[in-house]
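Student: my questions concern the predicted model and sequence given below.
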Amino acid sequence: MAKKGILLINLGSPRSTAVEDVKEYLDEFLMDEKVIDYRWIFRALLVQGIILKTRPAKSAEAYKTVWTDEGSPLIVITEKIRKKLQKRIDIPVEIGMRYAEPSIETGIRNLVEKGITEIVLFPLYPQYAMSTTETVIEKAEEIRKKKFPGVRINYVQPFYNRDLYTDCLAESIREKLPEDFDALLFSYHGVPERHIYKTDPTKTCNMNDCCYKDTNPSHSFCYRHQCFNTTDRVIRKLELSKDKVIVSFQSRLGKDKWIEPYTDHTLETIPQKGIKNLAIVCPAFVSDCLETLEEISVEGKEQFLEAGGEKFTYIPCLNDEDRWIEVIRVLCEEQLNQFYLI
């Protein structure tokens with residue numbers, strides 16, 4: 001009889017804050033054609049010829065501001081999630097990272113060594129994007145075919161529109177939202193605009209008019225739509241008026257056009273519009289990491305206060321909150337049950 005297991009996948013992190021470790025991590029991350037989608041030669045010229053000459057030292061300093069005694073916040077939190085989930089479920093649970101260690105291959109191997117032949121693989125990304133869900137599934141399938149052909153994998157699909165997730169996110173925000181806030185900013189990780197069109201097999205996406213439509217064939221693949229939809233679902237549950245809510249996109253890289261509005265520009269301009277007391281949440285992430293703890297909670301706060309803001313409240317990710325562990329359990333068990341239907 002087939003034995004089942006669960007593999008939780010997150011982005012990944014350098015092994016340490018040493019510049020060489022950060023450089024190694026950034027090389028693997030940025031050379032992924034799903035992240036920087038240039039032809040290999042141009043990607044190599046950009047990443048290895050330009051970015052890796054200066055960025056690793058700067059990123060290493062940023063990592064030092066968030067690093068814990070236990071290590072990288074992202075990996076520490078993901079391991080906490082694994083341990084809590086393991087207590088709620090009677091099959092093995094492992095973790096893997098898309099970049100660096102523990103890798104997806106390491107995670108699959110750890111399960112296979114326990115006799116597992118059917119794996120529910122859970123990319124911990126609420127919304128679908130080429131640089132997140134798509135690259136995880138593509139990498140996992142490549143590894144499975146080459147090294148573990150006898151293993152079957154079911155994937156947990158993006159869950160941005162599932163009530164059990166948006167209920168969980170809304171309650172987490174509600175508990176941490178200041179009573180006197182002027183606005184709640186939803187800051188999502190950005191992607192280049194061309195990624196939105198490249199991931200649309202229906203060829204029906206038009207960012208000028210379809211993201212806010214109730215239905216469109218492209219919505220299952222459109223990261224931008226899914227971010228707006230996440231926000232709409234959460235604010236309805238929080239019973240917030242739309243005039244107290246802002247959506248923006250962070251972490252852009254290079255000179256290409258990324259989806260707008262940009263978070264840094266938003267933080268620098270909204271104090272002049274009377275928004276002095278700001279709360280901010282980052283729902284593209286389920287675990288706090290460099291992009292939330294340093295880019296938003298430190299740099300973003302500085303930008304907002306220097307522009308005339310007075311109070312800045314960063315609302316943490318779901319991390320290892322018990323209600324989020326329960327969401328993971330339910331979503332994984334749905335896919336475990338699918339094995340019986342195959």
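Tutor: Right, received. Where do you want to start? Numbering: from 1, shown residues only.
Student: run through the helices of the stretch 151-300 of the chain in chain order.
Tutor: With helices called from DSSP state H, counting those that start in this stretch, the stretch 151-300 of the chain shows them at 163-176, 193-198, 223-238, 263-269, 290-293.
Student: buried residues in the first one, which are they?
Tutor: By that I understand helix 163-176. 165-166, 168-173 (16 or more other C-beta atoms under 10 Å). C-beta: built from backbone N, CA, C; applies to glycine.
Student: ok, the longest one next?
Tutor: Applying a neighbour-count criterion of 16+ other C-beta under 10 Å, one finds 223-235, 237-238 buried in helix 223-238.
Student: picking that back up, dump the buried residues of helix 163-176 to a markdown table, plus distance to residue 273 and pLDDT.
Tutor: Formatted as a markdown table, those follow (distance: C-beta to C-beta, whole Å; pLDDT from 0 to 100):
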| residue | distance to residue 273 | pLDDT |
| --- | --- | --- |
| 165 | 31 | 98 |
| 166 | 28 | 98 |
| 168 | 31 | 98 |
| 169 | 26 | 98 |
| 170 | 25 | 98 |
| 171 | 29 | 98 |
| 172 | 27 | 98 |
| 173 | 22 | 98 |
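Student: what is the nearest of those residues to residue 336?
Tutor: Lowest distance from residue 336 to the buried residues of helix 163-176 (C-beta to C-beta) belongs to residue 165, with 17.9 Å.
Student: that closest one against residue 126, yeah?
Tutor: Yes - applying C-beta atoms under 8 Å, one finds residue 165 in contact with residue 126, separated by 6.5 Å.
Student: can you measure across stretch 197-215, start residue to end residue?
Tutor: Using C-alpha to C-alpha, to the nearest Å, the end-to-end distance of stretch 197-215 comes out at 17 Å.
Student: quick one, strands of the stretch 1-150 of the chain?
Tutor: 4-12, 93-99, 118-123 (DSSP state E, counting those that start in this stretch).
Student: and these: which comes nearest residue 244?
Tutor: With C-beta to C-beta, the closest approach to residue 244 among the strands of the stretch 1-150 of the chain belongs to strand 4-12: 30.5 Å.
Student: and the closest one, what does it pack against?
Tutor: Using 3 or more C-beta pairs under 8 Å, 6 or more residues apart in numbering; DSSP states H and E as the contact test, the elements touching strand 4-12 are helix 73-88, strand 93-99, helix 104-112, strand 118-123, helix 322-338.
Student: can I get those in a markdown table with mean pLDDT?
Tutor: Output for the helices and strands packed on strand 4-12, formatted as a markdown table (pLDDT from 0 to 100):
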| stretch | mean pLDDT |
| --- | --- |
| helix 73-88 | 98 |
| strand 93-99 | 98 |
| helix 104-112 | 98 |
| strand 118-123 | 98 |
| helix 322-338 | 96 |
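Student: possible to save the ones you listed as a markdown table with mean neighbour count?
Tutor: Output for those, formatted as a markdown table (neighbours: other C-beta atoms under 10 Å):
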| stretch | mean neighbour count |
| --- | --- |
| helix 73-88 | 19 |
| strand 93-99 | 23 |
| helix 104-112 | 20 |
| strand 118-123 | 25 |
| helix 322-338 | 17 |
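Student: dump those to a markdown table, plus distance to residue 200.
Tutor: Output for those, formatted as a markdown table (distance: least, C-beta to C-beta, whole Å):
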| stretch | distance to residue 200 |
| --- | --- |
| helix 73-88 | 29 |
| strand 93-99 | 22 |
| helix 104-112 | 26 |
| strand 118-123 | 19 |
| helix 322-338 | 25 |
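Student: out of those, which gets nearest to residue 181?
Tutor: Nearest to residue 181, of all the helices and strands packed on strand 4-12, is helix 322-338, at 22.2 Å by C-beta to C-beta.
Student: tell me what angle the closest one forms with strand 93-99.
Tutor: 100 degrees (axes from the mean of the first three to the mean of the last three C-alpha atoms, to 10 degrees).
Student: give the other helices and strands that helix 322-338 contacts.
Tutor: Using 3+ C-beta pairs under 8 Å, 6+ apart, helix 322-338 is in contact with strand 4-12, helix 73-88, strand 118-123, strand 152-155, helix 163-176.
Student: direction included, what does the shortest one pair up with?
Tutor: For strand 152-155, the paired strands and their directions (DSSP bridges) read strand 118-123 (parallel).
Student: now the strand it pairs with, how far from the centre of its chain.
Tutor: 17 Å (C-alpha atoms, centre = their mean, to the nearest Å).
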